[in-house]
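Colleague: could you look at this predicted model? Sequence included:
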Amino acid sequence: MKKHNFGAGPGILPQPVLEQAAEAVRNFNGKGLSLLEISHRSADFEAVMDEACDLVRRIFQLSDDYAVIYLQGGASTQFAMLPFNLLPQGGKAAYVNTGAWSKAAIKEAKMFGTVDVVASSEDKNFNYIPKGYSIPSDAAYFHITTNNTIFGTEYQQIPDSPVPLVADMSSNIFSRQIDASRFSLIYAGAQKNLGPAGATLVILRKDLLGKAGRPIPTMLNYQTHIDKGSMYNTPPVFPVYVCMLTLRWILEQGGLGAVEAQNKAKAEKLYATIDANPLFIGTAAQEDRSRMNVTFVARDEETEKQFSAYTSERGIVGLKGHRSVGGFRASIYNALPLSSVDYLCQLMDEFATVNA
Ligand code: PMP
């Protein structure tokens, strides 16, 4: 029996995507070859890369000012690649610190210039999104993490920025409608809403480049990958293929509007169940609650242990919270069906009836 997968990432992918990906590994496009054993320069794979980029353009309604590239090295490589390319020698960048991933991004940026941390929610173990700060107009860019996978907080509104806005969207990309034209650069590791681990999507305004004033190693230079259509070296062919399938699936669902409505319904149901349950407490500030990673703790340690066992015996996986928050984290990414959320809610209610 297929489990109900609430894992934070690599996370659940749509079932039809998994089936098509499995078939492509056996026999790609009916060619009698596996997707894993063909040249990335073949016409068949070039069509995959083109479509994987075009679908991002369509879904985000990107103008020609933007480039779409697929890279390797995960979002963690972007933490350094971004300032390497965009933070000029002697320049400054602004960051908001909303958790472990923001912190990791800040640490890397400090190697390339001055980092102005304009706001932080560390004072409350990152359980909220800071508001009401100002962004220096002489910063090269302003960086936010739109969804904080570990702490379960998410920007509900994108802040106005006087300088180019950059976002790590690893854990909520394609989960809601956004005005992509407000961002100068977006990056995301694929392994939550987009595909398997191994591909990293970067969307950027081309006019940002060429201003860093330092030599940039070829593989770490965005321009290389733009010029070569993400094929300067061998791209991660399988992850890119699965990203393409997932992007097709997003359009089949009705695009971001439909996906957002579904995600909103799932999150509202789960938060309402947590709030009504005497045994559990949500950890994130109400107005900043993530629609992707729902964090909550149990009333006491014994209850936590019992609920852990209760859910894992009943086909739920990936519910354990990150060690820095404790308790539980239900990741309810795009591909997780409402029926899995309904099932978790039912188990929470049943458990409370027996144990409250
Ligand atoms: N940013 C966010 C918001 C994340 O959730 C993660 C990891 N899941 C990362 C960055 C790091 O991504 P990667 O493992 O692809 O380097």
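Modeller: Perfect, thanks for sending it.
Colleague: write out the residues of the protein neighbouring the ligand.
Modeller: G9, G74, A75, S76, W101, T145, T149, D168, S170, S171, G189 (CB under 6 Å from any ligand atom). In short, each C-beta sits where N, CA and C put it, glycine included.
Colleague: narrow those to just the buried residues.
Modeller: Buried members of those, scored by 16 or more other CB atoms under 10 Å, are G9, G74, A75, W101, T145, T149, D168, S170, S171, G189.
Colleague: picking that back up, of the residues of the chain next to the ligand, just say which sits nearest to F328.
Modeller: F328 has its nearest neighbour among the residues of the chain next to the ligand in T149, at 14.0 Å by CB to CB.
Colleague: so who does the closest residue to R214 other than its chain neighbours touch?
Modeller: Counting by CB to CB, 6 or more residues apart in numbering, the nearest residue to R214 once its immediate chain neighbours are dropped is Q89, at 5.5 Å. Contacts here follow CB atoms under 8 Å, 6 or more residues apart in numbering; on that basis Q89 touches G113, A212, G213, R214.
Colleague: rewinding a little: dump the buried ones among the residues of the chain next to the ligand into a markdown table; add secondary structure and pLDDT as well.
Modeller: A markdown table is the format used below for these (DSSP: H, G, I helix; E, B strand; the rest coil; pLDDT from 0 to 100):
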| residue | secondary structure | pLDDT |
| --- | --- | --- |
| G9 | coil | 95 |
| G74 | helix | 98 |
| A75 | helix | 98 |
| W101 | helix | 98 |
| T145 | strand | 98 |
| T149 | coil | 98 |
| D168 | strand | 99 |
| S170 | coil | 98 |
| S171 | coil | 98 |
| G189 | strand | 98 |
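Colleague: how about the helices in the chain?
Modeller: 15-26, 43-60, 74-86, 100-109, 222-227, 237-252, 255-276, 301-312, 338-355 (DSSP state H).
Colleague: mind listing what's buried along the shortest one?
Modeller: For helix 222-227, burial by neighbour count (16+ other CB under 10 Å) applies to Y222, T224, H225, I226.
Colleague: same thing with the first one?
Modeller: Neighbour counts using 16+ other CB under 10 Å place V17, Q20, A21, A24 of helix 15-26 among the buried residues.
Colleague: run the angle between it and helix 237-252 for me.
Modeller: 150 degrees (axes from the mean of the first three to the mean of the last three CA atoms, to 10 degrees).
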